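curious how this folds, go ahead:
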Amino acid sequence: MYGKVNKRRLGFDKEKLTVDYLKDLGYDILETNFRTRYEEIDIIARDGNTLVFVEVKYRKSQSFGSPLEAVNYNKQRRISMGALSYLCMKKLSLDVTPIRFDAVGICDDKITHIKNAFSYTGFGYR
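Numbering: from 1, shown residues only. I've put the predicted structure just below:
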């Protein structure tokens with residue numbers, strides 16, 4: 001549609017902005033848009049020896065709240081389950097692989113990065 005923003009393209013652009021930002025911080029980007037049947041993780045990276053699962057949220061403005069407010073408990077649980085799927089696929093163990101969950105909020109092009117934004121929520125029903 002003319003004049004409408006393509007949300008998929010906008011999301012891709014904001015995730016690319018985040019990838020560039022994380023690379024500038026020294027992160028090694030391993031995967032983007034990791035998907036399973038039930039979960040999706042925007043960015044998976046290494047920060048030193050820590051495996052980092054990054055959720056990216058964008059808002060045009062903060063009129064309806066911060067983009068980071070959208071990383072609620074249900075979203076955290078889905079990301080945690082996605083992280084577990086990734087670890088299983090790569091034959092890595094939570095016992096020996098240090099992991100962290102970061103959240104990146106983008107409002108216009110201002111990036112807010114929260115390291116260790118939430119903890120692994122463990123097992124749960126989908």
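
surely residue 73 touches residue 121?
Yes. Using C-beta atoms under 8 Å, residue 73 and residue 121 qualify as a contacting pair, with a distance of 7.4 Å. (C-beta placed from N, C-alpha, C; glycine too.)

so between the two, which is more surrounded?
Neighbour count, other C-beta atoms under 10 Å: between residue 73 and residue 121, residue 121 has more, with 17 against 9.

got a list of what the more buried one touches?
73, 76, 77, 80 (C-beta atoms under 8 Å, 6 or more residues apart in numbering).

in PyMOL, select just the buried ones from these.
The buried residues among those can be selected in PyMOL (16 or more other C-beta atoms under 10 Å) with this line:
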select buried, resi 76+77+80
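
wait, which of the contacts of residue 121 is closest to residue 99?
The shortest distance between residue 99 and any of those, using C-beta to C-beta, involves residue 80 and amounts to 9.5 Å.

okay, that closest one: pLDDT?
At residue 80, the model reports a pLDDT of 93.

can I assume it is in contact with residue 117?
No. Here residue 80 does not reach residue 117: they are 11.9 Å apart, not a contact under C-beta under 8 Å.

which residues do these two both contact?
Listed contacts common to residue 80 and residue 117 are residue 101; contacts here mean C-beta under 8 Å, 6+ apart.

off-centre distance for the one helix or strand residue 22 maps to?
Residue 22 belongs to helix 7-24 when assigned by DSSP states H and E. If you compare the mean C-alpha spot of helix 7-24 with that of the full chain, they lie 11 Å apart, counting by C-alpha atoms, centre = their mean, to the nearest Å.

residues touching that helix, excluding its own?
29, 32-33, 42-43, 45, 54, 56, 58, 104, 106, 109, 111, 113.

go through these and name the one nearest residue 97.
Out of these, the one with the shortest distance to residue 97 is residue 45. That distance is 13.5 Å, counting by C-beta to C-beta.
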